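J.: Give me the fold of what follows.
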Amino acid sequence: MSIIRRVRDLTVATLNERLEKAEDPVKLIDQFLWSTREEIIQAERLYQQYMGHGNHLKNQWLQAEQMKEKREQQAIIALKAGEEQVARIALQDKAGSEERALQYRELYEQTLNNIQDLEQQLRELRSEYQAVYDKREYYAARMESLRLQQRMNARY
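T.: Here you go, the predicted model:
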């Protein structure tokens, strides 16, 4: 994720440099805002996909946990009934369910970490968007002031 931040920092630095030289800084800012808005939309889509995937993994994990418990109960019942072979099969299934539950839990936790990183990126992108939008408003006001001043100077 730090690579993305560095690219964004360079982009903002380049924007600031180009603003100083631009004849129409508002147009330049609008292009940057459009690009940033597209990034935000893509990040929001990815966030929704991660959330769906995370929910799926959580369900898989919980189902494997339930199956583990069910197989353990079946093994206990089979032992009480003197069915050692059935108990052994239930315990093997329990071990498989336990392993699957662990795997799904690990994937779920990784997904949660990715979701948190993506949430942080989205906050940064939105904050950056707002800061550049505020800069756009300043430049638009400055250009309007210059335009009005030129009109006044042309008249008098």
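
J.: Low-confidence ranges, the protein, go.
T.: Counting by pLDDT under 70, the chain contains low-confidence ranges at 1-22.

J.: how far does stretch 110-122 sit from the chain's center?
T.: 5 Å (CA atoms, centre = their mean, to the nearest Å).

J.: Just the buried positions in it, please.
T.: 111, 114-115, 118, 121-122 (16 or more other CB atoms under 10 Å). Any C-beta I mention is one placed from the backbone N, CA and C, and that applies to glycine too.

J.: Stretch 77-93 too?
T.: By 16+ other CB under 10 Å, the buried positions in stretch 77-93 come out as 78, 87, 90-91, 93.

J.: quick one: which of those is nearest residue 29?
T.: Closest approach between the buried residues of stretch 77-93 and residue 29, by CB to CB: residue 93, at 61.9 Å.

J.: So that closest one versus residue 63, what's the distance?
T.: The gap separating residue 93 from residue 63 is 13 Å, by CB to CB, to the nearest Å.

J.: Ok, residue 57 next?
T.: Counting by CB to CB, the gap from residue 57 to residue 63 is 11 Å.

J.: Which neighbouring elements make contact with the helix or strand harbouring residue 138?
T.: Using DSSP states H and E, residue 138 falls within helix 84-155. The helices and strands touching helix 84-155, judged by 3 or more CB pairs under 8 Å, 6 or more residues apart in numbering; DSSP states H and E, are helix 2-21, helix 25-80.

J.: tell me the angle of it relative to helix 25-80?
T.: 170 degrees (axes from the mean of the first three to the mean of the last three CA atoms, to 10 degrees).

J.: Run the chain-centre distance for helix 84-155.
T.: Using CA atoms, centre = their mean, the offset of helix 84-155 from its chain centre is 3 Å.

J.: what does stretch 51-65 give?
T.: 18 Å.

J.: Pull the residues that contact it.
T.: For stretch 51-65, contacts defined as CB atoms under 8 Å, 6 or more residues apart in numbering pick out 97-98, 100-101, 104-105, 107-108, 111-112, 115.

J.: before we move on, what about stretch 106-113?
T.: Residues outside stretch 106-113 that contact it (CB under 8 Å, 6+ apart): 50, 53-54, 57-58, 61.
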